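Chemist: Test case, fold it:
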Amino acid sequence: MIGVTGQYSATDKLLTGRENLMLMADLYHLARARARARTEELLERFGLTEAAGKLVATYSGGMQRKLDLAMTLVSDPRIIFLDEPTTGLDPRSRRTMWQIVEDRATTSAANWLAAAAILVLFAFALTWLSVALGLAAKTVESASNAPTPLTILAFLGSGFVLTPSMPTAIRWFAEYQPFTPVIDTVRGLLTGGPIGHNAILAIAWSLAITVGSFLWARTLFSRDPVRA
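Modeler: Numbers count the residues shown, from 1 in each chain. Now for the predicted structure:
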């Protein structure tokens, strides 16, 4: 589950604070008892219990922001996108917000380092591939544009859409191209999800691309400029 808090409040000002939270709970199909408990928990956590029965139109800007943040957390999402979440909040509410974010950060330092290492290794591989493609180009203009098709691979992986939901032909390609295991490995490390054999595939792809691209680039660089 993914939660989003935009730059501007998404609350319904014709409803009360409690009704806004209950509405979100209904949209997420929470059981009635669970929805009420979650609503009261969030109202208390953000200091909105006393104002819970008032229309949101009567709330101050800071109170509306707190309610907006609470609505994002109703479903207890694993991933949250926050756009300037503390804008308009008083110091106490700001501390509360960052404490909530800190409490949800369960990824260990080792996992962060492992994710960074995978990304650096893959970036290093793509850099050598870009060098080789540039050397293989016939003109300066084509050399600068040669690596551009690589950016398309990121969109044909599992970064935006999970591979099982893709059409068959695209799914087959997405499952066996290098970006997918890298994306799945980083996602698993940072969210605590399963990684499986993706880490091994990500490292293998990175090493294969690096070695192959380096040898190709060296051959191209050492060619006879007259014959080239």
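Chemist: Provide the contact partners of stretch 165-185 at residue level.
Modeler: For stretch 165-185, contacts defined as C-beta atoms under 8 Å, 6 or more residues apart in numbering pick out 115, 118-119, 122, 153-154, 156-159, 163-164, 195-196, 198-199, 201-202, 205-206, 209. In this view, the C-beta of every residue, glycine as well, is placed from N, C-alpha and C.
Chemist: what's the first-to-last distance across it?
Modeler: 19 Å (C-alpha to C-alpha, to the nearest Å).
Chemist: Show me how far that stretch is from its chain's centre.
Modeler: 17 Å (C-alpha atoms, centre = their mean, to the nearest Å).
Chemist: try stretch 124-140
Modeler: That offset, for stretch 124-140, works out to 29 Å (C-alpha atoms, centre = their mean).
Chemist: Report the buried residues of it.
Modeler: By neighbour count on 16 or more other C-beta atoms under 10 Å, the buried set for stretch 124-140 is 125, 126, 128, 129, 130, 131, 132, 133, 134, 135, 137.
Chemist: Return a PyMOL selection command for the buried portion of the contacts of stretch 165-185.
Modeler: Command for PyMOL that selects the buried part of the contacts of stretch 165-185, burial taken from 16+ other C-beta under 10 Å:
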select buried, resi 115+118+122+153+156+157+158+159+163+195+198+199+201+202+205+206+209
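Chemist: Point out the ones among the contacts of stretch 165-185 that are inside helices.
Modeler: Applying DSSP state H to the contacts of stretch 165-185, the entries found in helices are 115, 118-119, 122, 153-154, 198-199, 201-202, 205-206, 209.
Chemist: Looking at those, spot the one nearest residue 58.
Modeler: Set against residue 58, the nearest of the ones in helices among the contacts of stretch 165-185 by C-beta to C-beta is residue 115 (44.7 Å).
Chemist: quick revisit: of the ones in helices among the contacts of stretch 165-185, closest to residue 146?
Modeler: Checking the ones in helices among the contacts of stretch 165-185 against residue 146 with C-beta to C-beta, the nearest one is residue 153 at 14.2 Å.
Chemist: Quick check: closest non-adjacent residue to the closest one.
Modeler: Leaving out its chain neighbours, the residue that sits closest to residue 153 by C-beta to C-beta, 6 or more residues apart in numbering is residue 179, at 4.9 Å.
Chemist: that older thread, dump the ones in helices among the contacts of stretch 165-185 into JSON lines; add pLDDT as well.
Modeler: Converted to JSON lines, the ones in helices among the contacts of stretch 165-185 look like this (pLDDT from 0 to 100):
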{"residue": "115", "pLDDT": "93"}
{"residue": "118", "pLDDT": "96"}
{"residue": "119", "pLDDT": "95"}
{"residue": "122", "pLDDT": "96"}
{"residue": "153", "pLDDT": "83"}
{"residue": "154", "pLDDT": "81"}
{"residue": "198", "pLDDT": "92"}
{"residue": "199", "pLDDT": "94"}
{"residue": "201", "pLDDT": "95"}
{"residue": "202", "pLDDT": "95"}
{"residue": "205", "pLDDT": "96"}
{"residue": "206", "pLDDT": "96"}
{"residue": "209", "pLDDT": "96"}
